[in-house]
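Trainee: Need the 3D shape of this:
(2 chains, ligands or ions: 2)
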Amino acid sequence: MSALLEITNVTKTFPGVVANESISVSVSAGEIVALLGENGAGKSTLVKSVFGMVRPDSGEIRIKGELIAPGDTGGAIARGVGMVHQHFQLVPVMTVTENIILGDEPKRGIFINIKAARAEVIALSEKYGLEVDPDALVEDLPVGTQQRIEILKALRKDVDLLILDEPTAVLTPQETDELLQVMKNLAASGVGVLFITHKLREVMAVADRVVVLRNGRVAGSTSPKETDEEGLAQLMVGRNVVLQVEKGEAKPAAPTLEIKALSVNDDRKHLAVDALDLEVRAGEIVGVAGVEGNGQRELVEAICGMRPRLSGEVLVAGAPTPDMHPHGVHAMGVSHIPEDREKHGLVSSYSIEDNLVLNQFDRAPFAQGWIRNVATLEENATRLVEEFDIRTPSIKTTAGALSGGNKQKVVVARELSQDTRVVVAAQPTRGVDVGSIEFIHNQLIAARDGGAAVLLVSAELDEILSLADRVAVMFGGKIVSILDAKEAERGLVGRLMAGLSA
Amino acid sequence: MAGKKFSRTWLTPVVAVLVAFAIGALLIYIQGADPLKAYQSLFSHAFGSWSGIAKTLGKATPLVLSGLAVTIGLRAGLFNIGVQGQLVTGAFAAAWAGYFIHGLPIYIHLPLALIFGITFGAGVGLIAGALKAYRGIHEVITTIMLNSIILALVDYLAGHVFQEPGQILARTPHILPSATIPKIFSLPSGFFFAILLAYGVWWVFQRTTSGFRLETVGRNKSAAWYAGISVKRAVLIAMAVGGGIAGLGGGIESLGVIGRFEPTFNTGLGFDGITIALLGRANPLGVIPGAILIGGMRGAAASMQFDAGVAPEIVDLILALVLFCVTAPFLAKWLKSTEVGAKITSGWGN
Ligand SMILES: Nc1ncnc2c1ncn2[C@@H]1O[C@H](COP(=O)(O)OP(=O)(O)OP(=O)(O)O)[C@@H](O)[C@H]1O
Ligand SMILES: [Mg+2]
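Mentor: Ligands and ions are numbered 1, 2, ... in the order given. Next up is the predicted model:
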């Protein structure tokens, strides 16, 4: 079998980092190759080189034997390569349909045949089981939906080689399963797939071959037949990783976060959270489990003052929190790891240092009155970069230049380093490598043991089951059941999430 | 800022200026004149003598301020095209206060007249700011419209209501000595003040929470809101402060250079401010070299015509080319500095 994609000795340096050092990877027709590696290992950089979005310093890239010139953004597309980017390449002000057809629009004369395009999008979405609203504006959509659009866009054209950069990070488990099936089907029909993920389960399920990068170099390659999840993790991180969370008994005290009869609309003005009641006590982690779209996102945003509350209230230590005032809520001791880090969590053109104080820049010790305190800013950044293992050449590096998982670590570091009474963590380990997941989980447990009330919302049921002291199952905008960790058995929670009674 | 980053940042403006001058030379040559001689005359008049430098710095003074006004907007994600209107309003208000109010000593009268300029300039900026903050109307549209309104209005006021008695020209009476900005070494002292102000604005963005607020809004409105920064307030502040600084620039012109308000003066100062701000890469200190360069060219254009027989409009042309080059994405891309593109276009986005 000849290789569809041959990457040979590719090297790429950015100021202060060698992102890729003489990397060679190949993908043959009908083969699924998983590219694994820690945050910042250089995975995205490598696949971006194939697409001309990054210009390698040296090395060569061949597709179907033909050399692709460095920085040639059209070459790969013209040779039948489709790519799903980690950071979406969508036009926010355009509709879903327009985004999917962009670049290859069905035409009637010189005009775009939008009717045909719309029908095509609907058919596409049904075919692959990825639900999208063809007429919605992309800027209004949550990241999960944006990811689906990206994938549909790549699948629309008949490609010979598909490159997927963390396509499953923001998908629901069901969607992930469907996508994995789609990948298998494509491979069976002769398409080569290069697949980046941090979820070892997915690698074990679909990959024919696994290439592991570490610090910009190929650390080794293996296959699911030869190893297991622990083995993969070890190869990635270079040490033993504890995939199981270890935590002590929770010692809950008085309720710190109280949600009373809270009702909230979603973007389309439909009731998403329906007179919901929930209590999180100091010193416990309550995990909200639910199928995406059952109001979890709206619940989190309403708690944090980012979405108008229709009725009901949210109390922190007995005091009502303000509506539609994120900073006011934050000032009452509520940390929030937002779901959409690019939109809310970070200013990409700011340095890491500034991003680490984004919501406390005007408070002591980071400011004295009107003046920002440069020394403490630097001290804070240096400490957090170290503590949270943020892989960056310097604290002055802009957040936009970080790898996806390291951006997430910046947000997590900022929110968990503050002295807070409540932590609202929405998808806290999204896009983060196994080693760092372990770390973030330990930090959440440390926050709990330090007396904070932790509300965890995650699309990863495993994450909830392993971290939560109590599991609140959300369905149709209500908490349908609250289980103690001991009773929260996977099958039972799954049934409750689907709206069935226990 | 490290040395490497410095050269990267300033490569685009330097190349833009060089390219503009090269194209300008070609055009002068086509006209049948000697480009070398023309440029030599231009630069020796602008920078070659003490009196030339004094004139250049005088011309540069309002340009530093109008460049700052545009810069503050850009930092907060706003494209303030209305600096011309804000500046003219300030020029008029300061001149009015300078001739109408009698019997004050200079140390009260002069600052008071300048405060008039600042306040009225800020007021005009605030109109556009409020329309943006509360009505969502794009500042490019409102500021262009305000420019037209103001130019017509001051023309009328200076030509009728506040016209110098017995004049046929549209102009106000001369300001009183107690409102005249004194000169230091034949330099209008306004220049030193403008430099100080540029440094002050730079410092505000560098070191204060207010600067951080404006800048965060300029870069990511959603994140700003999440971080507790009021986007509305930032828009109002950026437009008012920008307008105030532009108004001060107009005031300094009236009280230090022209001695009255006359609508035919002050033209183009606000628009040059846009070029200067972009040349300065939205850095408050970056406006200083741009303002001096453009001030020098403006001041020496007439002498160049005399020496080399080149129409002074060639200076307008070169400045237009500078603006074009500094904003042209292809140039930015060619120099691989994506930063400037991002900074400028953010002014147009939502
Ligand atoms: N545009 C850029 N400018 C400077 N440095 C960059 C840039 N893009 C990537 N880097 C650096 O290159 C390294 C590799 O980044 P890359 O995005 O390829 O990592 P990754 O393996 O995809 O990580 P993740 O799993 O977190 O997505 C990182 O250290 C990152 O900071
Ligand atoms: Mg990546």
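
Trainee: Could you say which helix or strand holds residue A:6?
Mentor: strand A:3-14 (DSSP states H and E).

Trainee: wait, does that strand contact ligand 1?
Mentor: Yes. Applying Cβ under 6 Å from any ligand atom, one finds strand A:3-14 touching ligand 1 at residue A:14. Using the backbone N, CA and C atoms, a C-beta is placed for each residue, glycine as well.

Trainee: Can you mark which positions in that strand are buried?
Mentor: Neighbour counts over strand A:3-14 (16 or more other Cβ atoms under 10 Å in any protein chain shown) mark A:3-7, A:10-12 as buried.

Trainee: Spatially nearest residue to the most centrally placed residue in chain B (excluding sequence neighbours)?
Mentor: Using Cα atoms, centre = their mean, the residue of chain B that lies closest to the mean C-alpha position is residue B:66, 2.0 Å off. Among residues not flanking residue B:66 along the chain, residue B:273 sits closest, at 2.9 Å (Cβ to Cβ, 6 or more residues apart in numbering or on different chains).

Trainee: returning to that earlier point: now do the same for the strand holding residue A:6: mean pLDDT, whole number.
Mentor: Strand A:3-14 carries an average pLDDT of 94.

Trainee: Next SSE downstream of the helix ranked longest in chain B?
Mentor: Assignment by DSSP state H gives helix B:106-135 as the longest helix of chain B. Under the assignment DSSP H and E, the closest C-terminal helix or strand after helix B:106-135 is helix B:139-156.

Trainee: Adjacent strands (with direction) for whichever helix or strand comes after that following helix?
Mentor: Scanning forward in sequence from helix B:139-156 by DSSP H and E, the next helix or strand is strand B:183-184. Paired strands of strand B:183-184, with direction, are strand B:187-188 (antiparallel) (DSSP bridges).

Trainee: What's the local residue count around the residue in chain B that chain A sits nearest to?
Mentor: Among the residues of chain B, residue B:228 lies closest to chain A, at 2.2 Å counting by Cβ to the nearest Cβ. Residues near residue B:228, counting by other Cβ atoms under 10 Å in any protein chain shown, number 20.

Trainee: Tell me the spacing between it and ligand 1.
Mentor: Residue B:228 is 28 Å from ligand 1, where distance means Cβ to the nearest ligand atom, to the nearest Å.

Trainee: Local confidence estimate at that residue?
Mentor: 86.

Trainee: In contact with it, which residues?
Mentor: A:325-328, A:330-331, A:359 (Cβ atoms under 8 Å, 6 or more residues apart in numbering or on different chains).

Trainee: secondary structure class for it?
Mentor: Here residue B:228 is coil, with the state taken from DSSP: H, G, I helix; E, B strand; the rest coil.

Trainee: With residue A:134 instead?
Mentor: At residue A:134 the chain is in coil, as set by three-state DSSP.

Trainee: Low-confidence ranges, chain B, go.
Mentor: B:1-9, B:185-188, B:329-350 (pLDDT under 70).

Trainee: Around chain A, pick out the residues from it.
Mentor: Within chain B, the positions adjacent to chain A are B:4, B:207-210, B:212-213, B:216, B:219-220, B:222-229, B:342 by Cβ under 8 Å from any Cβ of the partner chain.

Trainee: what about the residue nearest to the centre of chain B, distance to residue B:213?
Mentor: 23 Å (Cβ to Cβ, to the nearest Å).

Trainee: likewise residue A:270?
Mentor: Going from residue A:270 to residue B:213 by Cβ to Cβ gives 35 Å.

Trainee: Which one of those two is surrounded by more residues?
Mentor: residue B:213 (23 against 9).

Trainee: packing partners for the host helix or strand of residue A:62?
Mentor: Taking DSSP H and E as the criterion, residue A:62 maps to strand A:58-63. Judged by 3 or more Cβ pairs under 8 Å, 6 or more residues apart in numbering or on different chains; DSSP states H and E, the packing partners of strand A:58-63 are strand A:3-14, helix A:43-50.
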